[in-house]
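[1] Could you look at this predicted model? Sequence included:
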Amino acid sequence: MRAIINPGDEVIMTDPHYVAYDASVLLSGGVPVNVPTYAKNNFAVEAKDILSKITPKTKAILIGFPSNPTGAVMPRHNLLEIAETARKHNLIVISDEIYSRLTYDVEHTCYASLPGVKDHTILLNGFSKAYAMTGWRIGYAVAPREIIAAMTKIHQYTIMSAPTQAQVAAIEALKTGEPDVVEMVGDYNRRRKLIVKGLNDIGLKCFEPKGAFYAFPDITCTGMNSEDFSEGLLQEEKVAVVPGSAFGKCGEGFVRCCYATSPADIEEALKRMGRFVKKHKK
């Protein structure tokens with residue numbers, strides 16, 4: 001963001017979205033502009049929704065799919081329409097694809113692979129999710145040469161470099177890690193089905209996520225807002241979820257549940273959540 005934004009520039013992003021998006025724009029002097037998305041539309045965004053938010057100050061469109069927190073995946077035709085909108089209005093598209101390898105029943109479309117987009121695209125990805133290297137903090141960006149040069153300069157004077165051992169580990173992951181990725185995606189898929197069914201069974205209507213490792217159930221049946229639900233669940237049943245409101249206004253009424261844990265822990269969490277929902281359901 002610091003490489004491309006001037007003070008007052010606007011960055012359009014979907015709501016709900018990863019918590020760092022707003023902060024990254026604000027810290028760079030920019031203005032976040034949110035486009036609401038809804039469970040009834042599988043939390044996808046269409047070009048017409050973005051078009052309605054474009055102003056003379058718009059600099060970029062930030063998309064993150066598969067999504068944290070919803071697990072939504074963007075259809076290819078939606079991305080093609082966004083690409084055309086960005087081209088017409090001379091906008092940069094920043095595509096955060098950190099969960100690109102973790103999809104279920106659908107195929108992820110890399111935004112940068114679309115025809116004619118390379119000159120206005122910044123692709124972000126990394127090793128944290130697909131290769132289970134979360135603590136190693138290593139990622140990468142692909143963009144036009146002049147943007148990468150600016151990003152490198154900023155990175156160099158704030159972080160110096162990614163840790164050497166993480167770089168070596170990332171190379172090893174690319175060389176030998178593919179069987180582990182395939183196995184892990186299969187395990188996540190089984191856990192995804194377990195938690196989504198379990199949430200629906202206890203009365204929390206849950207959109208079926210197609211990517212990442214999060215479920216995003218609707219908790220409005222309890223009459224509680226997402227923060228009160230999350231705090232109450234933690235205090236009464238010792239189950240930790242994240243309030244949907246942390247991810248934007250459209251996240252209110254939902255909570256984020258991570259299923260990157262054992263099936264036994266998921267089943268225990270669902271049992272405890274079931275007790276909590278039964279106690280508080282209106």
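    Looks like it came in fine.
[2] drop to CA atoms for contacts and neighbour counts, all remaining ones
    Fine.
[3] What helices and strands are in contact with the longest helix out of those in the chain?
    Counting residues, the longest helix found in the chain (DSSP state H) is helix 178-201. Using 3 or more CA pairs under 8 Å, 6 or more residues apart in numbering; DSSP states H and E as the contact criterion, the elements in contact with helix 178-201 are strand 214-215, helix 263-280.
[4] if we go to 10 Å?
    Applying 3 or more CA pairs under 10 Å, 6 or more residues apart in numbering; DSSP states H and E, one finds that helix 178-201 contacts strand 214-215, strand 255-258, helix 263-280.
[5] Please parse this protein into its domains.
    10-175, 179-280 (automatic domain parsing).
[6] In TSV: those domains, plus mean neighbour count and distance to R2.
    Shown next, in TSV, are the domains of the chain (neighbours: other CA atoms under 10 Å; distance: least, CA to CA, whole Å):
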stretch	mean neighbour count	distance to R2
domain 10-175	17	5
domain 179-280	19	22
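[7] hmm, back to that, which other residues reach the longest helix of the chain?
    101-105, 129-132, 173, 204-218, 257-264, 266-267, 269-271, 273-274 (CA atoms under 10 Å, 6 or more residues apart in numbering).
[8] in this structure, which spans are helices?
    20-27, 47-51, 76-88, 145-158, 164-176, 178-201, 226-237, 263-280.
[9] Can you add mean pLDDT and distance to M1 and give the domains of the chain back as a markdown table?
    Converted to a markdown table, those look like this (pLDDT from 0 to 100; distance: least, CA to CA, whole Å):
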| stretch | mean pLDDT | distance to M1 |
| --- | --- | --- |
| domain 10-175 | 96 | 6 |
| domain 179-280 | 97 | 19 |
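[10] Only C-alpha atoms, please: export stretch 194-209 in PDB.
    C-alpha atoms of stretch 194-209 as PDB (Å, rounded to 0.1, in the frame of the first residue of the first chain):
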ATOM      1  CA  LEU A 194     -17.900 -31.900   9.600                       C
ATOM      2  CA  ILE A 195     -18.100 -28.300  11.000                       C
ATOM      3  CA  VAL A 196     -20.600 -27.000   8.400                       C
ATOM      4  CA  LYS A 197     -23.000 -29.800   9.000                       C
ATOM      5  CA  GLY A 198     -22.500 -29.500  12.800                       C
ATOM      6  CA  LEU A 199     -23.100 -25.800  12.800                       C
ATOM      7  CA  ASN A 200     -26.300 -26.200  10.800                       C
ATOM      8  CA  ASP A 201     -27.400 -29.100  13.100                       C
ATOM      9  CA  ILE A 202     -27.200 -26.900  16.200                       C
ATOM     10  CA  GLY A 203     -29.200 -24.100  14.600                       C
ATOM     11  CA  LEU A 204     -26.500 -21.800  13.300                       C
ATOM     12  CA  LYS A 205     -27.200 -21.400   9.600                       C
ATOM     13  CA  CYS A 206     -23.800 -21.700   7.800                       C
ATOM     14  CA  PHE A 207     -22.900 -20.800   4.200                       C
ATOM     15  CA  GLU A 208     -20.800 -23.600   2.700                       C
ATOM     16  CA  PRO A 209     -17.200 -22.300   2.300                       C
END
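[11] Distance from the chain centre to it, please.
    19 Å (CA atoms, centre = their mean, to the nearest Å).
[12] picking up where we left off before, output the domains of the chain in JSON lines, with distance to I4 appended to each entry.
    Formatted as JSON lines, these follow (distance: least, CA to CA, whole Å):
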{"stretch": "domain 10-175", "distance to I4": "7"}
{"stretch": "domain 179-280", "distance to I4": "23"}
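[13] For V45, which non-adjacent residue is closest in space?
    Leaving out its chain neighbours, the residue that sits closest to V45 by CA to CA, 6 or more residues apart in numbering is T37, at 6.2 Å.
[14] I figured that neighbour hits F43, correct?
    Yes. Counting by CA atoms under 10 Å, T37 touches F43, with 4.9 Å between them.
[15] any shared contact partners between those two?
    Joint contacts of T37 and F43 (CA under 10 Å, 6+ apart) are 14-16, 250.
[16] can you tell me which of those residues are in strands?
    Using DSSP state E to define strands, the subset of the shared contacts of T37 and F43 located there is 14-15.
[17] Nearest to A47 among the shared contacts of T37 and F43?
    T14 (11.4 Å; CA to CA).
[18] quick one: the residue lying closest to that closest one once chain neighbours are set aside and C206, what's the gap?
    Spatial nearest neighbour of T14, excluding adjacent residues (CA to CA, 6+ apart): V35 at 4.7 Å. As for V35, its distance to C206 is 21 Å (criterion: CA to CA, to the nearest Å).
[19] Please consider this matter closed, and thank you.
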